[in-house]
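Visitor: Test case, fold it:
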Amino acid sequence: MKPGLGQWIADNRRTYARGDMDADRIDQLAKLGMVWSHFDVAWEEGLSAARGWAAEHGHLLAPLDATYQGYWVGIWLKNQRAAARKAAEIEQRRAEGLPVRSAAGALAEVRREQLEDIDPSWCPAWPVEWQRGFHLVRLHLDAGLTRCRRRRVTSCARAKIGRWVRSVRLGWEQLTTVQQWMCERVLGIEPAGEDEKPKPRGTQADKWAMNFQAAKQFYEREGHLQVPRKHVERTVGEDQEERELKLGAWIGNQRSRAATLAPERVEQLTAIGMRWA
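Guide: Take a look at the predicted model:
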């Protein structure tokens, strides 16, 4: 039985590795696109899958579970990003005159360039998920949709994009200068105004004080704290915001937790007519 093409290629790779191959044959095989190393074969397989995935999706920001024709391109790209970051760290250490123990596992410059030719933003300095959201918004803008300006997050077509825009605007201070520039200049997104930012959640102490004031209001009006379990007390805070507090349930909870309440809280409730039994 004649050996198959795969066996023939493997035999030629071994001959080449031993240094026993004629220069003419090396040249002939090179012109056919021969890949001599098994590591190079693995790289070419991954690169081919990356090109195919990018051709379908328009970018190389594949999620971890992404596949292309059965190849786990998402995992492959994650590994290449790790290798690219290691190469960058090595380059930084050399620039600072620091010793470099080993360059093993670092992405070669020629390979990084191959990936950048497919998608220049394939390995961002920030999370890939953020860059993927940026790319999706830009696609919609390029398609002629309304720019996502201040107070117009809903102009984005999809809820997923709207959530990304909202998170960017509300988390503006956490973005790098480059990310802020990209959002402003490329997408037309501006940071959220103070009137748009959600109010910070109150602490447990704040919530207790709020309910205590409601209890005090009830006592001053009714003359006791025998609050029905389902009673809801309406109050107006110092910020002039109206609130509806489930005072009956809160009073019942304080009674059941009397043994663990701080002494000063027990005194405060007792002072406005709280009956503990």
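Visitor: how about the helices in the stretch 101-250 of the chain?
Guide: Using DSSP state H, counting those that start in this stretch, the helices of the stretch 101-250 of the chain run over 109-118, 128-142, 159-170, 177-181, 204-222, 247-256.
Visitor: In JSON lines, list the ones you listed along with distance to A42.
Guide: For glycine as for every other residue, the C-beta is placed from the backbone atoms N, C-alpha and C. Shown next, in JSON lines, are these (distance: least, Cβ to Cβ, whole Å):
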{"stretch": "helix 109-118", "distance to A42": "12"}
{"stretch": "helix 128-142", "distance to A42": "22"}
{"stretch": "helix 159-170", "distance to A42": "34"}
{"stretch": "helix 177-181", "distance to A42": "33"}
{"stretch": "helix 204-222", "distance to A42": "55"}
{"stretch": "helix 247-256", "distance to A42": "62"}
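Visitor: now these in JSON lines, with mean neighbour count?
Guide: Shown next, in JSON lines, are the helices of the stretch 101-250 of the chain (neighbours: other Cβ atoms under 10 Å):
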{"stretch": "helix 109-118", "mean neighbour count": "14"}
{"stretch": "helix 128-142", "mean neighbour count": "18"}
{"stretch": "helix 159-170", "mean neighbour count": "17"}
{"stretch": "helix 177-181", "mean neighbour count": "13"}
{"stretch": "helix 204-222", "mean neighbour count": "15"}
{"stretch": "helix 247-256", "mean neighbour count": "17"}
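Visitor: now those in TSV, with mean pLDDT and distance to E264?
Guide: Below are the helices of the stretch 101-250 of the chain laid out as TSV (pLDDT from 0 to 100; distance: least, Cβ to Cβ, whole Å):
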stretch	mean pLDDT	distance to E264
helix 109-118	94	63
helix 128-142	88	47
helix 159-170	87	37
helix 177-181	95	47
helix 204-222	90	11
helix 247-256	92	13
